[in-house]
Each structure stands twice: as structure tokens, then as C-alpha cells.
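[1] Here is the input, now give the coordinates:
(chains A and B)
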Number of protein chains: 2
Amino acid sequence: MTLEDALRDTAQLVARTVDQILPRPEDAEARLLEAMRYAMTGGKRLRPFLALQSGHLFGVDEVNMVRVAIAVECIHAYSLVHDDLPAMDNDTLRRGQPTTHVQFDEATAILAGDALQAMAFEILSDPLTHSDPYIRCQLTAALSRAAGCHGMVGGQMIDLECENIESNIGMVTRLHQMKTGALIAFACESGAIMGRASKESTQALRAFAHDLGLAFQVVDDLLDVEGDPDIMGKSAGKDQDSGKATFISILGLERSREQAEILASQARTHLDLFDEKAELLREVSKFVLTRHK
Amino acid sequence: MTLEDALRDTAQLVARTVDQILPRPEDAEARLLEAMRYAMTGGKRLRPFLALQSGHLFGVDEVNMVRVAIAVECIHAYSLVHDDLPAMDNDTLRRGQPTTHVQFDEATAILAGDALQAMAFEILSDPLTHSDPYIRCQLTAALSRAAGCHGMVGGQMIDLECENIESNIGMVTRLHQMKTGALIAFACESGAIMGRASKESTQALRAFAHDLGLAFQVVDDLLDVEGDPDIMGKSAGKDQDSGKATFISILGLERSREQAEILASQARTHLDLFDEKAELLREVSKFVLTRHK
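    Sure, this is the predicted structure:
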């Protein structure tokens, strides 16, 4: 199977299961449920893909693994909804569509984000995800850490603070390890947790995620400078306008491009202990370099 | 021990343990951690009190139970931070202090709320809370349901929607069962989960919480009309100004007062199967009627 096919299959599986797992809007709180579904629509589904491929390495049943994949996507989607708010990045376009607070309103967007976060932990703690409560607790512990003040949310805070202070490559790296890296690492590790993998395998996936996440972010910074807003479905040049510290502002375009390639190739070496089951994960590390959105 | 003593002891225990459990502000994300601690300061600590008393009924060690109590308080505190935002209730005063977005800024308040929600699930999934992962999963499942789109967040959404539509007593009751009742019910039930209580005991606590939560809310509505803003530490008359449907706007002052008394006394009858260990829970049902803030 080619990576394109696999990504498309994942996107379809995720869309179908989102439809099954997320509550349907039929009560007074319909607007909230609609906004939650709206926020969970579209996107590359990169984190669900990584989770499903990670589960694939250890023979985890896709029926269970897709639930973990959607829990990660709930956290990712809620973070985008909140990051796009006027008080934060003030974005009006996301994935080519109006952002959630534009489509609905600010209050609904805040609440939809809050409810999606709760939903992620509701999904993980459900026996349908895994019959062993120890595994479900490990997932909950790992995702809550990745999403919280020492992970994604902490990274977003540093990102906001960085607009006002002189920054260096160490700070920008730490920021992205927290802001996007922690959740990508959870996705990559989640299959190992579900499949009770060896410590060695788990650490390899964590190292893979670390390099992949940074490569992904460097390319994100490059796209913000060089990307086509029509293809990306969101505004470009926002980082520069806001005076944000990025890999580009510190390393320059040329060295950032090199850095992304080094990171992506380094990511692949961590997969050496896996056989051809890891082929799509290897390909995804190439894909992050060539993506246009 | 009198209820006043017990409430004060709970408040001190919670303040001390918040200090131990929540991360200390020393990194770049210091502002976020400060805002989280700020949001977790003060208040009646009613939900932690209910959780601790519920644990007391079944002999749960306070060292463990206080962690559950703080997880509930994390969810409650985050919901206040988000509810106070300009896009929501736009409150500048809470517990006699500037609200979190006034003291810090909107972006920090949104993120602090998000991080507190993640923290709640990190606490519950930690083996320090309970050695049995099955219990930890039950707690996570129950709290995520209580906090999510069919619980607290859904209730807040209905509350916002209600400003624009004709409402009746059934709708207002459902709204509050979701908005405040679900979390109070979790607090009351959490000791039963931690102590592996019988189904009968668990249901009794749920029924107690149901009536107590509604009584609490009716009194909240009464205080909004009749309360002293100086004692309450927040503005009064907000519900009427915003045209919100409340028990008062539907039942009137007199019948609302009666209703609160009926609910509180009904709450106590659900505790009949517990011995004197439930004395403080019985008292708290009287306290909700006489509170001034």
C-alpha cells in the first residue's frame, strides 16, 4: 500500500468513527455538539495515522486502536479551536474553512474545545478501548501529561510569551517539543502501550516521534514563509507578522531546510529494529518534507 | 466536629495539597502555572468537601481521597475561569478577587483552564490516587462524563442558549443538573468508587447529590437577587440583567425559597442508610440554605 492510500484510508476510517463516537446533535445543547463535530472535520489526520501505524507494529486490533487515534485527534482539534480564538492567534481560516469561533461564536468555540478534551479521556477510559484497565490508565496518564501544562498547553503558552522576548534555537526546540511534539510522541507511543511492547520498542518510537515532530514543525515554519495560502487553507506569513521566534527567524531558510532533512532521516534510523511493518512510518518521515500544507 | 470546623479543615487540606500537586512556576511557562494556581485559590471547596466526606463513609484514606477531591476542584476551577471570560459571562470579579483573565490576560486564562482540565485526569490516572487501575479508570470515566458535553460543559452551553429562548422549570432543572449537578454528583459518588461501596450506597449518594445540587443552585439564584455583593465577592443581579432563565424568574422568590428547603430536606432522607459518619453531609444540606455566598 502506498503512503497516499494509507493516509486516505486513515482519514476515511477516522471520519467514519468520529461519526460513531461523537454524540449526535439532537438536544438543547445541539449547537455545542455541532461545533464539536465541525472542529473534528478534515485535516491531515496525521496523529491518528501515527497512532494506527504504531498499533499495527504490535498487532493491535484496529477497532480498538482507532479509538485511541480519535482521542488524540480530540485533543489536537480542541487545541486548534482554542489557538484560533481572537485572544490567542486570532485566525479566521483553518483547513480552508472558517475557524470554529467564526462559524459559530467565541463562547461556543471555547466550550466545544473544553468538551472535546473531556471526550478524549472519556474515550480512553472506556473498556471498549482496551479490556485491561491498567492499559487504559497508562493511556490516560500519558495523554493527560502530553496535553497539559508540561506538554501541549505549556508549549502554546511559551509560544505566546516568545513574541515578546529574544529567543534561541534551544528555546524554540523546547517550545515545539512541548507544543506539537508531546502529542505526536503520544500518538507514536500509543500503539506500544496498547500492544504491551518492550521497553526497547517503546523508546525507539519515542525517539522517532521526537525527530519527526521537530521535522514537521520546521517544515511548518517553512510553509508559513514559502507556502501557498490557497493550498494550505490558512493564512501565510503570520509568524513573521507577529514577530514570533521560528526556526526560520533563527536559522534562516537554507539551514532550516537542511535541518528538516537531517531530522527526518534521523527519525527513520530509530525504526531500524522494526521490519517492513514500519514501512509507512518510514514513508511518513519523507512525506513531512514534501507536504504543501 | 462542627460543619464550620470541617469545612475549614477541608479548605486548609485542599490548599496544602494544591500546593504539593500543582507544578511550581519556575520555567518559561511560569505565567501559565501561576495562573493555574491563581485559579485554584479560595472558594468554598464544597466539591472537595463532598468528595472527602463521601470517602469518609467508606473508610477511604484521606491521603488518596484528597487527590480525587483536587481533581474535581481542577475541573470546577477551570470551568469558572472559562465561564468568566469576556466571550462568556464577562465577569471581572470572582471570590472577591479579579477573575483570572483580568489578573493575567485572556489567552493565559484560556490556557490555564485547559491545563487544569488535563491536570484533573493526570491526577486520577496516577497510581498515587488508587493502587487499582480499575478504580482509577472508573474515576476517569465518571469525571470525564460529568465534565463533558452531556454534563458540565453541555449545561453551560444550554445556559448561554437560554438567554434567548422561552424556558420552563423542566429546562432550567435539566440545565443545572448538567451545569453544576453532574460535578457535584461525581464528588458525592467518588468516595463510593474509591471505597468499592455497594450499589445501594452509591445510588443513595447519587440521589443525595441530585437534590443537594439543585438546592444549591436555587439558593445561588436567590443570592443573585438578594445577596450582598460585598459578602459574595462577585457582582449580583447578573442573571436578571442578562435575561437568564432562573428558578426565580420562573417560580418567583417565595416558591423558590420553599423549593430549596424541600430539596435540602429530601437530600437528607437519601442518607438514612448511613450512620453518624454521614452527619457532616446532613449538615451541609442545611448549610446550603443559610449560606450568604
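[2] Now do the same contact list for the most centrally placed residue in chain A.
    For chain A, residue A:47 is the residue whose C-alpha lies nearest the centre (C-alpha atoms, centre = their mean; 4.7 Å). By C-beta atoms under 8 Å, 6 or more residues apart in numbering or on different chains, the contact list for residue A:47 reads A:69, A:72, A:73, A:76, A:183, A:184, A:187. In short, each C-beta sits where N, CA and C put it, glycine included.
[3] Top of the residues you listed by number of neighbours, please.
    The residue in the contacts of residue A:47 with the most neighbours, by other C-beta atoms under 10 Å in any protein chain shown, is residue A:187 (31 neighbours).
[4] per-residue confidence at that one?
    Looking at residue A:187, its pLDDT stands at 97.
[5] do the same with residue A:24
    For residue A:24, the model assigns a pLDDT of 64.
[6] Same question for residue A:14.
    87.
[7] Now the residue nearest to the centre of chain A: which helix or strand?
    Per DSSP states H and E, residue A:47 falls inside helix A:46-57.
[8] Name the residues of that helix that are buried.
    A:46, A:47, A:48, A:49, A:50, A:51, A:52, A:53, A:54, A:55, A:56, A:57 (16 or more other C-beta atoms under 10 Å in any protein chain shown).
[9] Let me have those residues in a markdown table, extended by distance to residue A:202.
    Output for the buried residues of helix A:46-57, formatted as a markdown table (distance: C-beta to C-beta, whole Å):
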| residue | distance to residue A:202 |
| --- | --- |
| A:46 | 20 |
| A:47 | 18 |
| A:48 | 19 |
| A:49 | 19 |
| A:50 | 14 |
| A:51 | 14 |
| A:52 | 17 |
| A:53 | 15 |
| A:54 | 10 |
| A:55 | 13 |
| A:56 | 15 |
| A:57 | 11 |
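[10] For chain B, see how far away the residue nearest to residue A:207 when sequence neighbours are not counted is.
    Spatial nearest neighbour of residue A:207, excluding adjacent residues (C-beta to C-beta, 6 or more residues apart in numbering or on different chains): residue A:270 at 4.3 Å. Separation of residue A:270 from chain B (C-beta to the nearest C-beta, to the nearest Å): 27 Å.
[11] Neighbours of residue A:270, how many?
    Neighbours of residue A:270 using other C-beta under 10 Å come to 22.
[12] can you list the residues of the stretch 151-293 of chain A near chain B?
    A:151, A:153-158, A:160-161, A:171, A:174-175, A:178 (C-beta under 8 Å from any C-beta of the partner chain).
[13] Of those residues, which is the most crowded?
    Ranking these using other C-beta under 10 Å puts residue A:153 first, with 32 neighbours.
[14] ok, now which ones touch that residue?
    A:79, A:147, B:32, B:111, B:114, B:115, B:118.
[15] chain center to the helix or strand the last one falls within: distance?
    This points to residue B:118. Element membership for residue B:118 (DSSP H and E) is helix B:106-124. Chain-centre distance of helix B:106-124: 16 Å, with C-alpha atoms, centre = their mean, to the nearest Å.
[16] same question, stretch A:48-67
    That offset, for stretch A:48-67, works out to 15 Å (C-alpha atoms, centre = their mean).
[17] With stretch A:62-70 instead?
    The answer for stretch A:62-70 is 15 Å, by C-alpha atoms, centre = their mean.
[18] For residue A:150, which three-state class applies?
    Classification of residue A:150 using DSSP: H, G, I helix; E, B strand; the rest coil returns coil.
[19] That one contacts residue A:178, doesn't it?
    Yes: counting by C-beta atoms under 8 Å, residue A:150 touches residue A:178, with 7.1 Å between them.
[20] Please identify every residue contacting each of those two.
    Joint contacts of residue A:150 and residue A:178 (C-beta under 8 Å, 6+ apart) are residue B:29.
[21] Give the other helices and strands that the helix or strand following the helix holding residue B:118 contacts.
    Scanning forward in sequence from helix B:106-124 by DSSP H and E, the next helix or strand is helix B:133-147. Judged by 3 or more C-beta pairs under 8 Å, 6 or more residues apart in numbering or on different chains; DSSP states H and E, helix B:133-147 is in contact with helix A:106-124, helix A:133-147, helix B:62-83, helix B:106-124, helix B:182-194.
[22] which residues are in contact with the second one?
    Meaning helix A:133-147. By C-beta under 8 Å, 6+ apart, the residues outside helix A:133-147 that reach it are A:68, A:71-72, A:75, A:79, A:117, A:120-121, A:124-127, A:129-130, A:151-153, A:182-183, A:185-186, A:189-190, A:193-194, A:196, B:118-119, B:121-122, B:124-126, B:132-134, B:136-137, B:140.
[23] how far off helix A:106-124 does it point, in degrees?
    Angle of helix A:133-147 versus helix A:106-124, following axes from the mean of the first three to the mean of the last three C-alpha atoms, to 10 degrees, is 150 degrees.
[24] could you check the angle helix A:182-194 makes with helix A:133-147?
    Computed by the same axes, to 10 degrees, the angle between helix A:133-147 and helix A:182-194 is 170 degrees.
[25] and the very next helix or strand once past helix A:133-147, what's its mean pLDDT?
    Later in the chain than helix A:133-147, the nearest helix or strand by DSSP H and E is helix A:152-162. Helix A:152-162 shows a mean pLDDT of 90.
[26] do the same with stretch A:110-122
    In the prediction, stretch A:110-122 has an average pLDDT of 98.
[27] Can I get the contacts of residue A:153 in a markdown table including distance to residue B:248 and neighbour count?
    As requested, the contacts of residue A:153 are exported to a markdown table (distance: C-beta to C-beta, whole Å; neighbours: other C-beta atoms under 10 Å in any protein chain shown):
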| residue | distance to residue B:248 | neighbour count |
| --- | --- | --- |
| A:79 | 39 | 23 |
| A:147 | 39 | 31 |
| B:32 | 38 | 30 |
| B:111 | 35 | 30 |
| B:114 | 33 | 30 |
| B:115 | 35 | 31 |
| B:118 | 36 | 27 |
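[28] Just flag the most distant two among those.
    Greatest spatial distance in the contacts of residue A:153: A:79 and B:32, 13.9 Å, computed using C-beta to C-beta.
[29] for chain A, which helix is longest?
    helix A:199-226 (DSSP state H).
[30] Now residue A:97, what are its backbone angles?
    Geometry field for residue A:97 lists phi and psi as phi -120, psi 160, criterion degrees, to the nearest 10.
[31] which ones are touching the nearest residue to residue A:54 once chain neighbours are set aside?
    Nearest-residue entry for residue A:54: residue A:191, 2.8 Å, with adjacent residues in sequence omitted and distances by C-beta to C-beta, 6+ apart. Listed by C-beta under 8 Å, 6+ apart, the contact set of residue A:191 reads A:51, A:52, A:53, A:54, A:55, A:56, A:57, A:58, A:60, A:65, A:197, A:205.
[32] if I pick the first one, what's in contact with it?
    Each residue near residue A:51 by C-beta under 8 Å, 6+ apart is listed here: A:65, A:68, A:69, A:72, A:187, A:188, A:190, A:191.
[33] So which of those is the closest to chain B?
    residue A:72 (13.3 Å; C-beta to the nearest C-beta).
[34] quick one: pLDDT of the closest one?
    At residue A:72, pLDDT is 97.
[35] ok, now residue A:222?
    90.
[36] ok, now residue A:229?
    On the pLDDT scale, residue A:229 is placed at 66.
[37] Residue A:197 - nearest residue in space that isn't next to it in sequence?
    Using C-beta to C-beta, 6+ apart, the closest residue to residue A:197 is residue A:58 (5.1 Å).
[38] For residue A:94, give its distance to residue A:153.
    For residue A:94, the distance to residue A:153 equals 19 Å [C-beta to C-beta, to the nearest Å].
[39] Ok, residue A:198 next?
    Distance from residue A:198 to residue A:153, by C-beta to C-beta: 31 Å.
[40] Return the residues in contact with the residue nearest to residue A:168 when sequence neighbours are not counted.
    Among residues not flanking residue A:168 along the chain, residue A:250 sits closest, at 6.8 Å (C-beta to C-beta, 6+ apart). Residue A:250 makes contact with A:167, A:168, A:169, A:172, according to C-beta under 8 Å, 6+ apart.
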